[in-house]
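Undergrad: kindly generate the corresponding structure for this input.
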Amino acid sequence: MKIAIIGAGAAGCFCAIELKRRIPSAQVDVYEAGRKPLAKVAITGGGRCNLTNSFEGISSLQEVYPRGANLMKRLFKSFNHEDTWRWFEGEGVRLVLQEDRCVFPVSQDAMEIVGTLSRRMRQEGVILHTGFKVTKLGRDCSTGAYSLEFEGHEPVTADKVVVTTGGSPREEGLGFLEGLELETVPPVPSLFTFNLSDREVRSLMGTVVEEATVSLAGTKFTASGPVLITHWGMSGPAILKLSSHAARHLADSAWRGRLLVNWLGIKESEVREMLAGMSRRHAQKLISNTHPEEIPSRLWTHLTAKSAVRQDARWAELGSKGMNKLVNSLVNDEYEITGKSRFKEEFVTCGGVALTNLDQNTLEAKKFPGLYFAGEVTDVDAVTGGFNLQTAWTMGYAVASAISSQD
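TA: Numbers count the residues shown, from 1 in each chain. You can find the predicted model right below:
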């Protein structure tokens, strides 16, 4: 059996390894357009490789998979985050679970993961071709065989094809599939930070609030977690989660809108009670010098200024009108979003090959026997925290399992 895998990313390489283990007699060729395999894995997690998550505290996969949650729930029955942990430790990679539930190699080096997968492919006999950009994928209806055409290389044929090309920033990236008439969802970015117009808040770059809640005005999109103020706007897990869930809405809005920030992440009534208590305990202290411990002093100065609180005012002088303004600034702080910025060197998209094309158990194209899709090339994506790489491992495993069961 000749199996061609298009794309040497996490899903493609993992699938190739599993295929050779299950079907040693099969010829497995991986075709990668770039110069090196696993290039994105090498930079994920800030170069440390956040390869999965403990999923602790997640009541519904919809929380972390804005698109594809039902599919992932089904596939996790065969290969989940615990299986991923066992698989990599079985290859000699020691892993560590951080307080934020993210899983990294103990070495904190993504190249250990790249090296482990690359070495295992060589040992299993997977044939890797770099610099092979696929321009067309076709199928011979009479024989069922697939043909792959490349830019600058001779075409090849295969009995089975697995497409693992990853997310494409533009729909043209799926152009090699045109002849197959598959339904696709236009891809748009889904993991990014926000550019803000407010210079005052941007001047607080480096400020971190550990438990904030962010939302988009006029929508139901909301997310909680740490927020980082940057020189261009805001970042951090809460912002990235929000960008993921609201990806298509923000794309349709040209990445503009109004960001609402609840800096304490609790109800308005609780914030009001907190400030009332501070006012009673610190009546003669300056408001500018006394603030909730969750709010960094620089941010507190910014928020009191937005609330028109005098720098020399004491808590006893605040009054009900001043209290209302300060509470509003803490729970409903508003900023204009003027655009997006990429999160570090990572790039995640929503969109791609629609899941309606695929068998939900095997990831085989319903209309094209022997053609499979795995990873971010499909309309499945997740928030930050190791969930996107878990998608790659799980879907790659599912395809290898499906193909080997037919052998």
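Undergrad: quick one: contacts of the helix or strand hosting Leu242?
TA: Per DSSP states H and E, Leu242 falls inside helix 237-245. Helix 237-245 is contacted by residues 66, 100, 189-194, 212-216, 221-228, 250, 340, 343, 348, 350, 381-385 when judged by Cβ atoms under 8 Å, 6 or more residues apart in numbering. The way it works is simple: take the backbone N, C-alpha and C, and place the C-beta from them, glycine included.
Undergrad: check which element follows it along the chain.
TA: Next element after helix 237-245 (DSSP H and E): helix 247-252.
Undergrad: in that following helix, what counts as buried?
TA: Across helix 247-252, burial judged by 16 or more other Cβ atoms under 10 Å covers Ala247, Arg248, Leu250, Ala251.
Undergrad: which helix is the longest one in this protein?
TA: helix 387-406 (DSSP state H).
Undergrad: where does pLDDT dip in the stretch 251-400 of the chain?
TA: Confidence mapping of the stretch 251-400 of the chain against pLDDT under 70 gives the ranges 343-347.
Undergrad: rewinding a little: who are the packing partners of the longest helix of the chain?
TA: Secondary-structure packing of helix 387-406 (3 or more Cβ pairs under 8 Å, 6 or more residues apart in numbering; DSSP states H and E): helix 10-22, strand 52-53, helix 69-75, helix 81-90, strand 160-163, strand 371-373.
Undergrad: reformat the buried residues of helix 247-252 as TSV; add distance to Arg35.
TA: What follows is the buried residues of helix 247-252, written out as TSV (distance: Cβ to Cβ, whole Å):
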residue	distance to Arg35
Ala247	29
Arg248	32
Leu250	33
Ala251	30
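Undergrad: identify the farthest-apart pair in the residues you listed.
TA: Spanning the widest gap among these are Arg248 and Leu250, at 7.4 Å by Cβ to Cβ.
Undergrad: so what's Ile26 up against?
TA: Check again: residue 26 is Ala, not Ile. Here Ala26 is in contact with Met1, Lys2, Ile3, Leu19, Lys20, Asp407 (Cβ under 8 Å, 6+ apart).
Undergrad: look up how far Leu71 lies from the fourth one.
TA: To tie it back to what came earlier, the one meant is Leu19. 21 Å (Cβ to Cβ, to the nearest Å).
Undergrad: now do Asp333
TA: 37 Å.
Undergrad: and if you look at Thr135?
TA: 29 Å.
Undergrad: of the two, who's got more company?
TA: Leu71 (23 against 14; other Cβ atoms under 10 Å).
Undergrad: residue ranges for the helices of the stretch 101-250 of the chain, please.
TA: Secondary structure of the stretch 101-250 of the chain (DSSP state H, counting those that start in this stretch): helices at 110-124, 199-202, 237-245, 247-252.
Undergrad: in CSV: those helices, plus distance to Ser168.
TA: Shown next, in CSV, are the helices of the stretch 101-250 of the chain (distance: least, Cβ to Cβ, whole Å):
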stretch, distance to Ser168
helix 110-124, 22
helix 199-202, 32
helix 237-245, 17
helix 247-252, 14
